[in-house]
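S.K.: Please find the sequence and the predicted model below.
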Amino acid sequence: MSNGFSRFSNFKFNFRRVWVDVLALISLLLVGFLAPAAWFPIAAKIGFVSLLFSKLIFVSCGILHAHISRKLIWNYIDFNTTTDVMSKVMIIAWYVIIIFAWCRGG
């Protein structure tokens, strides 16, 4: 019983951290979908949905690619206990470069 409660309290804690961001994202999506055709023509709405899904896929693929390649190339690095700053910077740069390359299409 306590395990389910801790999961719920963890969800509540994390939801309190991101509720403003979630609300902003939902608002942008609703404005994009429900705006009158005079503001956003149908072709613009289709382009918006296409861009939304393509960026969703590109970012997700970039994160997965960076995560898999990091595990295959380097040993495990614990950010909490590792004192080597260069190892931390190298991993952060790896994630940034791979995700950026996927998002830009390069």
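M.R.: That came in fine, so what should we check first?

S.K.: C-alpha from now on. contacts and neighbour counts both.
M.R.: OK.

S.K.: Which stretches in this protein count as helices?
M.R.: Secondary structure of the chain (DSSP state H): helices located at 2-34, 42-73, 85-104.

S.K.: pLDDT below threshold where in the protein?
M.R.: Scanning the chain for pLDDT under 70 picks out 1-5, 106.

S.K.: Break it down into its structural domains.
M.R.: Annotated domains of the chain cover 1-34, 42-106 [automatic domain parsing].

S.K.: which one of the ones you listed is the most hemmed in?
M.R.: domain 42-106 (a mean of 13; mean count of other C-alpha atoms under 10 Å).

S.K.: how much space between residue 42 and residue 35?
M.R.: Separation of residue 42 from residue 35 (C-alpha to C-alpha, to the nearest Å): 10 Å.

S.K.: typo on my end, it should be residue 44
M.R.: In terms of C-alpha to C-alpha, residue 44 sits 11 Å off from residue 35.

S.K.: can you check residue 16 too?
M.R.: Per C-alpha to C-alpha, residue 16 is found 29 Å from residue 35.

S.K.: Hmm, residue 65 and residue 94 touching each other?
M.R.: No - in terms of C-alpha atoms under 8 Å, residue 94 does not count as a neighbour of residue 65; the distance is 10.4 Å.

S.K.: What are the contacting residues of stretch 70-84?
M.R.: Contacts to stretch 70-84, defined as C-alpha atoms under 8 Å, 6 or more residues apart in numbering, come from residues 87, 88, 91, 94.

S.K.: and which of the residues you listed is nearest residue 31?
M.R.: Residue 31 has its nearest neighbour among the contacts of stretch 70-84 in residue 94, at 35.3 Å by C-alpha to C-alpha.

S.K.: Alright, that wraps it up for me.
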